[in-house]
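# take a look and give me a structure for this.
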Amino acid sequence: MRVPKLRKGNGALEWQTISRYERCWGPFLDQQVMPYCLGLSLRDLQESMYTTLGEGLSVASCHRIVASVGQRAEAFKTQPLEVPPPMILVDGMWVKIAYPNGEMRVESQGRRRAVKRKQKRVMLSALGVWPDGHWEIVPWQIAQGENEQTWKTFFGQLSAKGLTEETTQLVVSDGAPGLETALDDHCYGVPHQRCIFHKIKQIADHLLYGDLAVNGEAGDDQAKRQAKTARKKALLADASAIYDHKTEEDMRTQAEVFRETWQEREPKSVANFFTDFDQPFVYLRVDFPETLGVLIRTTNRLERFHKEMRRKQRDIGMFQSEEGCEAIWYLIATRETAKQQAAPRLRT
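Got it, this is the predicted structure:
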């Protein structure tokens, strides 16, 4: 690069230092990071950047570009929201992260590297929903498990973002252990909606298959499996039909029909279904636009986000650090928000 030498200076020029390994700045780097978010490995990203730049960058340089996202992710996690969402969906997703085990190894080039071992962690996250239908991921936190203390810490982080019991009208979850106590500490009195999908799914764990009608000989294992599958589908379909109604009264009426139909054959499943039976109706008692009913009565929207994250984890096997895991989480969250904002424009 040829730079003019100005002995007397020039106040009209703005100077900028280009740091080591830096080839470009601004939106171009963001464009290079997004393919990594979409599923490219670091070596795939290296090849993609070679095509764009016309020269190769080392894998370490590509890693530094991706790692720079971590600063933005941390700022996003700690920055208070201008308008906190009145409704939040919370859930945890298990991820695989490599952690040093204290041992060192010497690689083929003679460099000493820390030996890492895969460990499981849970990513606690919240998805905020606003009355206009807009939603986005708010904070997240890596924890060793879903329990009372980790949820308390997570809701403390939500409070720092501006989500308090005064601003929150509804919390939706799948009934994770320890969550109720955390809500009492940070969102006391806020209605807690149990995810309808998880409520229905759970009753399948208590099937007894009593009075099972098997088509075929009694010893035919395949016929038994088919009969059990048919029983499970019929039970779940009848439970799901309860929530097709729009009013709580109609749902309760249909629930009694469900009880009469299945009580004798599947008493354990029916008993489980009617435990905490009021929790899936909580969203009906909150003032919100009717169009948001499908969105806030389950955690499905947050589960779909987790599905994107699981796809990325399958591509790379496991995350090499917590910082890398959070950087990918932030990139995918940014991408999903951008897709949502672009959807109305694409339809017009």
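# so how far is E148 from E74?
26 Å (CB to CB, to the nearest Å). For glycine as for every other residue, the C-beta is placed from the backbone atoms N, C-alpha and C.
# my bad, should have said D315
Distance of D315 to E148, given as CB to CB: 34 Å.
# also Q141?
Relative to E148, and taking CB to CB, Q141 is found at 15 Å.
# tell me which of these two has more neighbours.
Q141 (20 against 14; other CB atoms under 10 Å).
# what sits against the more buried one?
Applying CB atoms under 8 Å, 6 or more residues apart in numbering, we find Q141 in contact with M123, L124, S125, T150, T153, F154, Q157.
# that one falls within a strand, correct?
Yes. The assignment for Q141 is a strand, going by DSSP: H, G, I helix; E, B strand; the rest coil.
# pLDDT score for it?
pLDDT for Q141: 93.
# who's it bridged to?
L124 (DSSP bridges).
# and I142, how many neighbours?
17.
# what of E290?
Other residues lying near E290 total 7 when counted by other CB under 10 Å.
# again, but for I296
When neighbours are defined as other CB under 10 Å, I296 has 24 of them.
# ranges for the strands of the protein?
87-106, 112-129, 135-143, 170-173, 192-194 (DSSP state E).
# can you redo those strands as JSON lines with distance to K232?
Compiled in JSON lines, the strands of the chain are given as follows (distance: least, CB to CB, whole Å):
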{"stretch": "strand 87-106", "distance to K232": "24"}
{"stretch": "strand 112-129", "distance to K232": "28"}
{"stretch": "strand 135-143", "distance to K232": "32"}
{"stretch": "strand 170-173", "distance to K232": "25"}
{"stretch": "strand 192-194", "distance to K232": "21"}
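# still on that earlier bit, just the buried residues of the contacts of Q141.
M123, L124, S125, T150, F154, Q157 (16 or more other CB atoms under 10 Å).
# from these, pick the one nearest S240.
Nearest to S240 among the buried ones among the contacts of Q141: S125, at 26.0 Å, using CB to CB.
# any idea what sits nearest the closest one, other than its immediate chain neighbours?
Distances taken as CB to CB, 6 or more residues apart in numbering place W140 nearest to S125, at 4.1 Å, with adjacent residues excluded.
# what's around that neighbour, how many residues?
23.
# distance-wise, check the residue lying closest to G156 once chain neighbours are set aside relative to V171.
Spatial nearest neighbour of G156, chain neighbours left out: H186 (6.6 Å); criterion: CB to CB, 6+ apart. According to CB to CB, H186 stands 10 Å off from V171.
# more neighbours: which of these two?
Neighbour tally, H186 and V171, criterion other CB under 10 Å: the higher count belongs to V171, 25 against 20.
# residues contacting the closest residue to that one other than its chain neighbours?
Nearest residue to V171, sequence neighbours excluded (CB to CB, 6+ apart): H192, at 5.2 Å. Contacts for H192 (CB under 8 Å, 6+ apart) come out as L170, V171, V172, S173, E180, L183, Q279, V282.
# mind checking pLDDT for H192?
We have a pLDDT of 93 for H192.
# now it: how far from P86?
H192 is 14 Å from P86, by CB to CB.
# hang on, the residue nearest to G156 packs against T168?
No. In this structure, H186 is not within contact of T168 by CB atoms under 8 Å, at 9.2 Å.
# any low-confidence regions in the stretch 201-348 of the chain?
Along the stretch 201-348 of the chain, the model assigns pLDDT under 70 to residues 216-219, 342-348.
# which other helices and strands contact the top helix by length along the chain?
The longest helix of the chain (DSSP state H) is helix 322-347. Helices and strands touching helix 322-347, by 3 or more CB pairs under 8 Å, 6 or more residues apart in numbering; DSSP states H and E, are helix 27-37, helix 59-67, helix 69-78, strand 87-106, strand 112-129, strand 135-143, helix 300-316.
# apply 6 Å and report the result again.
Other helices and strands packing on helix 322-347, by 3 or more CB pairs under 6 Å, 6 or more residues apart in numbering; DSSP states H and E, are helix 27-37, helix 69-78, strand 87-106, strand 135-143, helix 300-316.
# tell me the backbone dihedrals of the nearest residue to Q149 once chain neighbours are set aside, please.
Counting by CB to CB, 6+ apart, G178 is the residue found nearest to Q149 once chain neighbours are left out, at 7.3 Å. Backbone dihedrals for G178, given as degrees, to the nearest 10, come out at phi 90, psi -10.
# how much space separates G178 from E148?
3 Å.
# also T164?
Relative to E148, T164 is positioned 20 Å away (CB to CB).
# then A176?
Per CB to CB, A176 is found 10 Å from E148.
# redo the contacts of Q141 as TSV? Include distance to I196 and pLDDT.
What follows is the contacts of Q141, written out as TSV (distance: CB to CB, whole Å; pLDDT from 0 to 100):
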residue	distance to I196	pLDDT
M123	23	94
L124	21	94
S125	20	93
T150	25	94
T153	28	93
F154	23	94
Q157	27	91
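# which one of the residues you listed is nearest to E136?
Nearest member of those to E136, counting by CB to CB, is S125, at 11.2 Å.
# and the gap between the closest one and Q263?
Distance, S125 to Q263, using CB to CB: 38 Å.
# just want the most central residue of the chain.
Taking CA atoms, centre = their mean, the centroid of the chain lies closest to H306, which sits 3.7 Å from it.
# what about the closest residue to that residue other than its chain neighbours, distance to E165?
Nearest residue to H306, sequence neighbours excluded (CB to CB, 6+ apart): M93, at 4.4 Å. From M93 across to E165, the span is 25 Å (CB to CB).
# nothing else from me, thank you.
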